[in-house]
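Asks: Coordinates only, no sequence provided:
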């Protein structure tokens, strides 16, 4: 069974640009969560999707958005990039997501560098 | 509000030693608790998942325990090896976590050959 995949693995962008990251969950999993990880802030929750619906959103500005498709694949978009958006973006999938007893599995992450 | 703490932030031990990593939480109303491993610059690897009704889980040289009444979980690593060097994070789903994992800051473990 294939694990969680994230593309691309590495990205270099300049300030003001926008970026789209993709996450394909484990087959059969319907929940996809996104996290931002930085050395200073650790892991911070961005949002969680289940069956194409966003169930929760973290404390990030509106420049961060996401969506989930009918096949459970998810994308997140960051517009008007800032230097502080440089981070490792991690995607996690689980069968039902939070408020459940399901294990969450993470992808390898996308390393975004904003110059 | 649920808070998760991992102490110490860093730990260095000689190869072959048995060791214990700690994770404490403030609210015992949890669904589950997971231990993850993260190698530098890499994603998170799930090590063990303990359901709220369980006391412990084992996988190879790893054993995780859960004591909800005291708000503690421990990860026991037997016969440590240099390849165990990584950052270990605990995270949990709780009643008020609203679909997100609540994370500890991690313990950076170094196993000296």
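Replies: Thanks, I have it. Small disclaimer: the values here were computed from a predicted structure and weren't measured.

Asks: and chain B, which residues reach chain A?
Replies: B:31-32, B:34, B:36, B:41-46, B:49, B:51-52, B:89, B:91, B:93, B:95, B:97-101, B:103, B:105-106 (Cβ under 8 Å from any Cβ of the partner chain). Where you see a C-beta, it was placed from the backbone N, CA and C, and this is true even at glycine.

Asks: Can you name the residues bridging to the residue nearest in space to the middle of chain A?
Replies: The centre of chain A sits closest to residue A:34, judged by Cα atoms, centre = their mean, with a distance of 3.1 Å. On the basis of DSSP bridges, residue A:34 is bridged to residue A:47, residue A:91.

Asks: and it, what does it touch?
Replies: With contact taken as Cβ atoms under 8 Å, 6 or more residues apart in numbering or on different chains, residue A:34 is in contact with A:23, A:45-48, A:66, A:74, A:76, A:89-92.

Asks: try 6 Å
Replies: Residue A:34 makes contact with A:46-47, A:76, A:91, according to Cβ atoms under 6 Å, 6 or more residues apart in numbering or on different chains.

Asks: now, which of these sits nearest residue A:11?
Replies: residue A:76 (12.1 Å; Cβ to Cβ).

Asks: what about chain B, any weak spots by pLDDT?
Replies: Judged against pLDDT under 70, the low-scoring parts of chain B cover residues B:95-98.

Asks: coming back round to it: same list, the contacts of residue A:34, but as JSON lines with neighbour count, pLDDT and distance to residue A:16 please.
Replies: Formatted as JSON lines, the contacts of residue A:34 follow (neighbours: other Cβ atoms under 10 Å in any protein chain shown; pLDDT from 0 to 100; distance: Cβ to Cβ, whole Å):
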{"residue": "A:46", "neighbour count": "22", "pLDDT": "96", "distance to residue A:16": "21"}
{"residue": "A:47", "neighbour count": "23", "pLDDT": "93", "distance to residue A:16": "23"}
{"residue": "A:76", "neighbour count": "22", "pLDDT": "98", "distance to residue A:16": "18"}
{"residue": "A:91", "neighbour count": "28", "pLDDT": "96", "distance to residue A:16": "25"}
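
Asks: Turn these into a markdown table, columns for distance to residue B:58.
Replies: What follows is the contacts of residue A:34, written out as a markdown table (distance: Cβ to Cβ, whole Å):
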| residue | distance to residue B:58 |
| --- | --- |
| A:46 | 33 |
| A:47 | 34 |
| A:76 | 36 |
| A:91 | 28 |
